[in-house]
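Student: Please work out how this folds:
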Amino acid sequence: MELNLSDAQRGIVRLPKGDSSKSLRFKLFAIPTSKELTGLEVRLSQVIVKDNKTPHVYPFIRYANLYVITSAIDNLGGDPYSLNLKGFANVDDGETLPVERTVYYWKSDDTNKAPGAVHVLTSIIKSNQKIRDFGDALASLRKTDDFQKVVSTIITAAAGGGAAIYEAFLPLVGVIGQIMGKIDDTPLFTTVTSFTDINGDFDALGRHPYPQNNRYVDIVTTLIVRDASREPKS
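Tutor: As a prediction, the model looks like this:
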């Protein structure tokens, strides 16, 4: 089944307090560079289901079966770093899903180049049948022409930067929907979050949560930045 993402419930991004463009490093060097970064990680830290879109029919509990899709890619020209599909059965309104996981991870060595941008897709989809394990089906899907075409478009958009990455990522959810059977046409929540050096996202060290939400779901994506040249010496 192909998903209709034209009316997907997109999230609202609330950035952390503070503006890295006002930092001394930004003023001295104009656009910050990420060449000295020693590590980057993006985690899906929290998903709270506020409304699972299940009608309330007394005396039945409003449970729903949900899938969480995550994928991430940087601008270095390689395949998406990760693609995960995780199912959660019998989710009630107000429930927090145990989703704490790494979506993107990069660590420096003597040969690799630091990314200048990292883009993360997160989509929460309601299933109208029991949760299944799609490990084998997802492995087979990766080999299809439709999947490879979508991935090629994502790689091109990620390397080029700009707003095109959002439109490139959305068909990936639709392609995955082909193996998922009876699911809602419109996901509860779909968003693409981008972190870039030009925006100064890699300036501040440590953990930085990025909350997003719509009427159905609250999520928190966490960016973790490490840089040996800026970290205090022990």
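Student: quick one, helices of this structure?
Tutor: 24-29, 135-141, 145-160, 164-177 (DSSP state H).
Student: Could I get the buried residue list for the second one?
Tutor: By neighbour count on 16 or more other C-beta atoms under 10 Å, the buried set for helix 135-141 is 138, 141. Where C-beta positions appear, they are placed from N, C-alpha and C, glycine not excepted.
Student: For it, the averaged confidence score.
Tutor: Helix 135-141 shows a mean pLDDT of 86.
Student: re earlier: so which of the helices of the chain is the most surrounded?
Tutor: For those, average neighbour numbers computed from mean count of other C-beta atoms under 10 Å are highest in helix 164-177, which has a mean of 20.
Student: what packs against that one?
Tutor: When contacts are defined as 3 or more C-beta pairs under 8 Å, 6 or more residues apart in numbering; DSSP states H and E, helix 164-177 sits against strand 64-74, strand 117-127, helix 135-141, helix 145-160, strand 189-196.
Student: how about the CA coordinates for the shortest one, as PDB?
Tutor: Yep, that's helix 135-141 we're talking about. Below are the C-alpha coordinates for helix 135-141, written out as PDB (Å, rounded to 0.1, in the frame of the first residue of the first chain):
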ATOM      1  CA  GLY A 135      13.400  -7.600   8.900                       C
ATOM      2  CA  ASP A 136      13.400  -9.900   5.900                       C
ATOM      3  CA  ALA A 137      10.900  -7.900   3.900                       C
ATOM      4  CA  LEU A 138      12.900  -4.700   4.500                       C
ATOM      5  CA  ALA A 139      16.100  -6.500   3.300                       C
ATOM      6  CA  SER A 140      14.300  -7.600   0.100                       C
ATOM      7  CA  LEU A 141      12.800  -4.100  -0.400                       C
END
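Student: returning to what we had before: out of the helices and strands packed on helix 164-177, flag the one nearest L170.
Tutor: strand 189-196 (7.1 Å; C-beta to C-beta).
Student: Make TSV from the helices and strands packed on helix 164-177 and add distance to K53 to it.
Tutor: Listed next are those as TSV, based on distance: least, C-beta to C-beta, whole Å:
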stretch	distance to K53
strand 64-74	7
strand 117-127	6
helix 135-141	24
helix 145-160	26
strand 189-196	11
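Student: Would you single out the least confident of those?
Tutor: Note on those: lowest mean pLDDT is at helix 135-141, with a mean of 86.
Student: Take the helices of the chain and lay them out in TSV including distance to G77.
Tutor: Converted to TSV, the helices of the chain look like this (distance: least, C-beta to C-beta, whole Å):
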stretch	distance to G77
helix 24-29	25
helix 135-141	23
helix 145-160	5
helix 164-177	14
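Student: distance of T191 from T70?
Tutor: Going from T191 to T70 by C-beta to C-beta, to the nearest Å gives 11 Å.
Student: same deal with D92?
Tutor: Counting by C-beta to C-beta - D92 and T70 are separated by 22 Å.
Student: Name the residue in those two with the higher neighbour count.
Tutor: T70 (23 against 12; other C-beta atoms under 10 Å).
Student: can you pull the contacts of the residue lying closest to W106 once chain neighbours are set aside?
Tutor: Among residues not flanking W106 along the chain, L40 sits closest, at 4.6 Å (C-beta to C-beta, 6 or more residues apart in numbering). By C-beta atoms under 8 Å, 6 or more residues apart in numbering, the contact set of L40 is 104-106, 114-115, 118, 202, 223-226.
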